[in-house]
Every structure is written in structure tokens, then in C-alpha cells.
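In: Everything below, folded, please.
(chains A and B)
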Amino acid sequence: MAKALLNLVDVQVRRGMNTVLDGCSMVVHGGQTVVLTGSNGAGKSTLLETAAGLLPVERGHVQHGEIVIIDAEGRRRASPSTVAVVLQRNGMLGSEILSEHLQTAMSMTGQSVSIDPFLEAFKLTHRANDLVAHLSQGQNRKVAVLAGLLPAFASPSPALVIMDEPDAGLDDESIKTLGRWMDALRSAGHALVVATHDERIMRHATHLYDVGGGEWQTQSPADAGAVKPPKPRTVKPLSPAAFGIRMHLRTMMWLNANAMAGLLTLGILLSLGDFTSDLTPTQRMGFILAPALATGLCGEPLVAALREERAGAWWRAVSGKEPHAGWIPLAIGAAFTFLTTNGLQDAREIHVVGAGAVLCFLVWHSVGWTQRSTQRLARPHAVFVGLLTPVLILPYLILVDFLA
Amino acid sequence: MRLSEVVLFAGFTGIGATLLLALLWAPSVSINAFESPAAQRIFYWHVPAAWAAFIAFGALFVGSAGWLFKRSEWMWRLHVAGSEAGLATGLMAVWSGCVWGAAEWGTPWDWTDVRLNSFGLLTLVAIYVVLGRNSQPDGVETRDTFAAFGLYGFALVPVTYIATRIWTIRHPGPVVATGDGNSINSDMGLVLLIGAVSFTVFIVGHMMASMRLTALEQRLERMQQTMDGGV
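Out: Just a heads-up that it's a prediction; the model follows:
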């Protein structure tokens, strides 16, 4: 029998105050398509998200291949397998380009295949270069499904494909096409775990697992239609930082909060007139670094942006990390410090500009880390993360003192 | 009357008595030693409030650890009680200190003082935990997130405690248990002791009442879920 790509061992998962999965054990080997059945609230989505490493377990552990990717002690490790995911939400940002999102998904495997035949089958060829925000709901769903299948087609080794109601919003023709692709992937040795109520998808299963009752049923799926395996080519994986920088530059989201705070702080300082000559060196340095601090204190705008269609969860599932702004805070911090020294007619010293860059970078990512700490909450936007930011005044004061 | 109510009432009574003693009986301080001798009487509330806050933050730490490592419902109630009591007494210590500081130092706050700022941060953590928890439905996600903050925020308590022993910048150093014979006048010490005991009793009563309230809220939630047809 092919290698076990997914192994849930005596897993207990809670959501809210309820225990949704209790003592759940499941093994999925390459070459199997396991369809999860059960009524609404039985725990299908919870099981899939746990398998994808998105949810902590109260008991037991989750293995991908030989590696335990998450255990009850909270330890996490990166999956050794290609993990391709289709969540109930589409997992993409509106500012992504359709073809770009598919390439991003495939790049996690280090390989890529031509997306043209897939776009043609889903009647999306004419939309390949459109923003996701401009697509209809049905088209978005097709893109999300493709982003869950293409990594497996591109992967050099057996992949784990996890799909939560991929049929939702798809027309009949697209569901038939989806079924053929699922069979092709199964025949190629990949493992598929799918939650669905649609019998047309269930027909493609080798096993049916009733999540509520814990019962297994085997069946003989329909024969796989001939699908010519696409020829892969090597690509460089897109890192979460690279994606984050791309989104920052494309949407200018850094301007809305971070840069505005820096600009307003700079503006206020300039409006005070020529006051720096009356200041001590420490006070002068404090004013020079203030815009960089203000910029960083606004935190990481991507954290909120990635809540759109649970794009952040999709990234965590396929790459283990969420996108972030990377080096952008360094540039913005340096720019504001440079402007402030000019505006306050102070000597332009490279080490001060560098210090402003580093201060902005550290504060920005620290606040971003705090913002991400709320991602498990039902209403993360309702939490006042800003209340914790005063602690970051300490590195600012240390830096001011040091430079002065 | 429940035990928690009795304890709370006793604490309130003691705090009231402390206030009266502070205003009417405690000896005045020398005008050579203090800029505002009258404002010094805030001391009899300010110090016990800070002491009670430390107890509350300790309870927050223990409760947070108990929830995270043992998944104990009782410990979760202790976390809730500790955070709310810490918020109440933390704010009490901060505002009483600001009032006193404005009168004594000419400024309500000093950004360079480690004691002031670390205690202020502790109080902000308490505000964050209480407001954040109240904005979310109860569940393991909410509990894990805020228990983690309760655990890590406690790291500020030893910093705050030893701050005035290592860096005496603006906030004065310890006046009791200094071990060097420079302790306060015995009458002042007596009022301070009454205040400390009163605030301790108050904070224990507060936490007992809070834990009972949380237990009742959980019981109500379970009954509502049963009526919903849930688990």
C-alpha cells in the first residue's frame, strides 16, 4: 500500500466551548480519495482544518508522512509533503491576479505546470490577468479550487489535497471536470480528503468517512478519465515575505495607516517652527525618531487584509507562515527619518537614518506579531491591540538615549 | 449573605476606615520632606491599592497557567477574577499616584521612571485582557489567547516590584521592610497596615464574587445551549 500521507491519531479538537472532534483517528494513503460525510456541525470542516495544521489539538497529534506536524503540547513542524488546500472561504485577496494566485499556489512545490488547459476547462481563460476582486463568486470559487488542485499536479512527490466543499458555487459542467481531476490525482498517487454533501463528488471517493459516527465505508470509484499529466518546470517558491511585499506595493496599504501616521507626526513637528535649537541632544533625537516610531506603531496592515476570504489561513496551511511586509518598514522608516532631519534642519547623519529604519522595522513587526496573536479569536478586530503598544516606547527611548 | 459578599463588605468597611484614619488621624508629614504634605495622605490608599494589584496579578498568572496547562475551569474563573481585580486596583493605584504626583512632583507622570511605567504597562495589559475577553464569545480560542497574555504580562510584576530598589528615579523607594532602620513612623505604619489588610480582604472578596459570577454565567450559557438543542 502507498505511504500514509495523513495520519490523525486520537485527535480531540475544541471550537468555542464545544468538543467537535473527540478521539478521531484517520489514515489516508496516497492513491486514496476520502470523502467526509456527516450532517452540518458534525465536524467535517474542523477535521479538514486540523489535518491542514490550522487548528490546535487538545489531545493526540497530526502526522503528514512520518512527521508530526502538530501535537497536544502545541509543538508545530512544517509539513514534509505538498499540502494543497481549498477552504470553505476562497483563501485569496481581491488584489491578487488570477493567474498569479495559481502560480503562487504551485510555487510552494518548487514546480509549476501550465495553467492554460485548466483555465480553459473552467472557462476562465479570458480572465487570467484579471484581479480576483473583479471576478464573480462562481469564478472565484473555481480559482480557489484550481489553487487546491494545481499544486498536486505540479508536485514531484505525492501531495495531500484537502478540500472543504469544493463543489459549492460550481456549475454542473465544472463539477464533472473537478471529478475527473480528482480521479487523475488519485491515480497519480496523491491523497485527497474532501468534505462535501454533493453525491456527484462522493462517487469519486475510494472511502467514505462518517465524521459524526466514525464509520468507514469503501467503494469503487468511477474510472478516471484520461487526463494527460502536465509537464512540470522548476520554479522558485514564493515566500510569504515576497508575497507580502508585492501586496504592499500593489495596494499601497502601508500608506493608509503607517505612512499617514508618520506624515502627520512630521507635519506636527514642522508646524511648531524652529524649536530644535532650544532642545537638548536627547530631546532633538527624540523628535527626529518620532515619525519612524509613529509609522511602526500602526502595525502590519496585512494582518487585517489577510482576513479577507481567510487568505491568511490559506497561507498558513500551504506554507506554515503568513505574509508580512518584509523590508518595507526599513525603507519607510529611513525615508521619514531623512525627511525629519531635513525638515528640522538637523545634520543628516547616516547612522541616524539607519536607526530610524531599524526602529520602524522592529516596532512594525512587533505590533504585527501582537496583531497575529488574536487570529484564533472569533472577532479579532474587536480586540484593542493598541493598548499593548506603549511597551514599544522602551526601545525608542533606549535608541534615543544611545544616539544622543 | 454569601461568604464572598461578607468578605467584600468587610473589605469595603476597612477601606472606608482607612480613608477616615488617613484624613483625620494619621500624623502629618514634615513640610521639609514633602512639597505637598496634605497630598501625602493619598499614600494610605495608593500603596495598599498597588499591593492589592500585585495579589490580583498573581492570581491572574496562576489562573492563566492553570487554564493553559491543566484546562481547569476553576483556574479559568481565577484568571477572569484576577484580571478584573487587577484592572480595578491597578487603575486605583495609577490614578491615585497621578493625583499625588501632580501635587508633589508638579507632574502626574514621569516617562523615565521604571516603577511608574512598568506598573502602567501592567495595568494596560489588564485593560487589554478584560476588554478583549469581553469582546469575544467564550471558547478555547478566547481563553488560550488571553491566558497567554496573562501569563507573559506577569513578567512585568517582578520588574515593577524591584524597580524602586534598583532605579530610584522619581518614585520613592520602599518605606517598609527596608531593613535599614529608615522605616516610617509607627502611627503611619499602623494606618498603612490597616489599609493593606483592608485592600487584601477587599481583593479576596472581589475575586470570590467574580469567580461566582463567572460560574453563574457559564451555567446560564449551558442552559441556553440545551434550549438551543446544542451540546
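
In: residues touching the nearest residue to residue B:4 once chain neighbours are set aside, list them.
Out: Spatial nearest neighbour of residue B:4, chain neighbours left out: residue B:208 (3.5 Å); criterion: C-beta to C-beta, 6 or more residues apart in numbering or on different chains. The C-beta positions use only the backbone N, C-alpha and C, and glycine is treated the same way. Residue B:208 is in contact with B:3-4, B:7-8, B:81, counting by C-beta atoms under 8 Å, 6 or more residues apart in numbering or on different chains.

In: a markdown table for the residues you listed, including neighbour count?
Out: Formatted as a markdown table, those follow (neighbours: other C-beta atoms under 10 Å in any protein chain shown):
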| residue | neighbour count |
| --- | --- |
| B:3 | 11 |
| B:4 | 18 |
| B:7 | 19 |
| B:8 | 21 |
| B:81 | 25 |
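
In: three-state assignment of the residue nearest to residue B:4?
Out: Three-state assignment for residue B:208 (DSSP: H, G, I helix; E, B strand; the rest coil): helix.

In: From chain A, how far off is it?
Out: Distance, residue B:208 to chain A, by C-beta to the nearest C-beta, to the nearest Å: 24 Å.

In: Which residues are in contact with residue B:62?
Out: Per C-beta under 8 Å, 6+ apart, neighbours of residue B:62: B:75, B:78, B:82.

In: Out of those residues, flag the one nearest to residue A:399.
Out: residue B:82 (34.2 Å; C-beta to C-beta).

In: what about that closest one, which helix or strand?
Out: helix B:73-104 (DSSP states H and E).

In: That helix: which residues count as buried?
Out: B:75-90, B:92-94, B:96-98, B:100-101, B:103-104 (16 or more other C-beta atoms under 10 Å in any protein chain shown).

In: Please see if the helix or strand just after that helix touches chain A.
Out: On the C-terminal side of helix B:73-104, the closest following helix or strand by DSSP H and E is helix B:114-134. Yes: applying C-beta under 8 Å from any C-beta of the partner chain, one finds helix B:114-134 touching chain A at B:117, B:120-121, B:124-125, B:127-128, B:131-132.

In: Spit out the contact partners of residue B:199.
Out: B:11, B:14-15, B:18, B:48-49, B:51-52, B:89 are the contacts of residue B:199 under C-beta under 8 Å, 6+ apart.

In: and what of residue A:337?
Out: The contact partners of residue A:337, taken as C-beta under 8 Å, 6+ apart, are A:288-289, A:291-292, A:352-353, A:355-357.

In: quick one: the spatially most central residue of chain B and chain A, what's the gap?
Out: The C-alpha lying nearest the average C-alpha coordinate of chain B belongs to residue B:53 (C-alpha atoms, centre = their mean; 1.7 Å). Distance from residue B:53 to chain A, counting by C-beta to the nearest C-beta: 17 Å.

In: pLDDT value on that residue, please?
Out: For residue B:53, the pLDDT comes out at 94.

In: And the one 4 residues further on, by the same measure?
Out: The pLDDT attached to residue B:57 in the predicted structure is 94.

In: give me the number of residues near the closest residue to residue A:177 other than its chain neighbours?
Out: Excluding its sequence neighbours, the residue lying closest to residue A:177 (C-beta to C-beta, 6+ apart) is residue A:121, at 5.0 Å. Using other C-beta atoms under 10 Å in any protein chain shown, residue A:121 has 19 other residues around it.

In: Could you do residue B:215 as well?
Out: Close neighbours of residue B:215, defined as other C-beta under 10 Å, add up to 14.

In: Quick check: mean pLDDT of whatever helix or strand it lives in?
Out: Assigned by DSSP H and E, residue B:215 belongs to helix B:186-228. Helix B:186-228 shows a mean pLDDT of 90.

In: what does chain B put close to chain A?
Out: B:71, B:111-112, B:117, B:120-121, B:124-125, B:127-128, B:131-132, B:135-142, B:144-145, B:148-149, B:221, B:225, B:230-231.

In: for residue A:285, what are its contacts?
Out: A:352, A:400, A:403-404.

In: show me the contacts for residue A:263.
Out: residue A:291.

In: Let's see that with 10 Å instead.
Out: A:255, A:291, A:294-295, A:336, A:339 (C-beta atoms under 10 Å, 6 or more residues apart in numbering or on different chains).

In: Quick one: work out the angle between the helix or strand of chain B with the lowest mean pLDDT and helix B:73-104.
Out: Within chain B, no helix or strand scores below helix B:156-166, which has a mean of 77 by mean pLDDT, DSSP states H and E. Orientation check (axes from the mean of the first three to the mean of the last three C-alpha atoms, to 10 degrees): helix B:156-166 against helix B:73-104 gives 30 degrees.

In: Tell me the residues of chain A that contact chain B?
Out: Residues of chain A lying near chain B by C-beta under 10 Å from any C-beta of the partner chain: A:13-20, A:41, A:55-56, A:58, A:73-74, A:370, A:373-391, A:393-394, A:397, A:401.

In: Swap in 7 Å and give it another go.
Out: Contacts of chain A with chain B, taken as C-beta under 7 Å from any C-beta of the partner chain, map to A:14-18, A:373-374, A:376-379, A:382-384, A:387-388, A:390-391.

In: for the chain, what are the low-confidence residue spans?
Out: Picking chain A for this. A:222-229, A:345-347 (pLDDT under 70).

In: ah, no, chain B please
Out: B:164, B:166-170, B:172-184, B:229-231.

In: Could you report the separation of the nearest residue to residue B:209 once chain neighbours are set aside from chain A?
Out: With sequence-adjacent residues excluded and distances taken as C-beta to C-beta, 6+ apart, residue B:209 is closest to residue B:4, at 4.3 Å. Separation of residue B:4 from chain A (C-beta to the nearest C-beta): 25 Å.
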